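*Asks:* test case, fold it:
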Amino acid sequence: MDHDLENSFAIQDNEFTRRPARWPWGAQTPGHGPVGTLDDHPFTGRVMLVVDDDYRNALALWALLDRGRAEVLVAQSGLEAIETLEQAPRTDLVLMDIMMPGMDGYATMQAIRARERFRTLPIIAVTAKVIDNERGRCIAAGASDYVPKPINTALLLSVMEPWLTSSTPLL
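*Replies:* Numbers count the residues shown, from 1 in each chain. Sure, this is the predicted structure:
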């Protein structure tokens with residue numbers, strides 16, 4: 001990542017990020033700044049898992065959720081997603097890419113649903129695979145809902161909202 005870009009993420013309004021975490025790919029995590037429609041911090045107290053093998057997609061989703069003040073976990077594969085959930089069982093929502101090498105999103109959702117404690121965990125399938133009945137295929141594999149790529153932020157937030165308002169944030 002470009003050093004100046006990394007610094008602009010690490011420092012915002014002359015303040016350091018509140019969580020000096022590192023991305024799996026080595027870049028410093030973005031800081032908090034003006035956030036537009038997410039400035040009321042609707043995800044405070046929520047833990048969300050982004051599962052995507054493409055770091056650009058994961059970074060974009062991470063930045064969106066982080067602006068809403070979610071604690072965002074990132075997994076780059078289906079197996080890593082399952083391991084992450086086992087280590088962070090209080091996860092409130094998963095954004096799951098479908099087209100991943102090895103264990104794809106369908107198999108990952110099925111493996112997650114096979115675990116009793118994750119049977120009701122909201123999983124939103126996020127995929128560029130936009131073909132007839134793709135939404136139905138994702139739901140059959142265990143997704144709670146579906147959002148096509150490229151991601152429309154307003155659509156994604158509206159799909160996530162009912163799954164997040166059905167329970168109290170875990171603070």
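
*Asks:* mind checking the SS state of the most centrally placed residue in the chain?
*Replies:* Among the residues of the chain, Val50 comes closest to the average C-alpha position under CA atoms, centre = their mean, at 2.8 Å. Recorded secondary structure, Val50: strand (DSSP: H, G, I helix; E, B strand; the rest coil).

*Asks:* show me what contacts it?
*Replies:* The neighbours of Val50, taking CB atoms under 8 Å, 6 or more residues apart in numbering as the test, are 58, 61-62, 65, 72-75, 94-95. Every C-beta, even on glycine, is put in place using the N, C-alpha and C of the backbone.

*Asks:* next one: Leu155
*Replies:* Leu155 touches Val147, counting by CB under 8 Å, 6+ apart.

*Asks:* got it, and Ala75?
*Replies:* Residues near Ala75 by CB under 8 Å, 6+ apart: 49-51, 81, 83-84.

*Asks:* what are the bridge partners for it, then?
*Replies:* Beta-bridge partners recorded for Ala75 (DSSP bridges): Val51.

*Asks:* for it, give its distance to Met160.
*Replies:* 18 Å (CB to CB, to the nearest Å).
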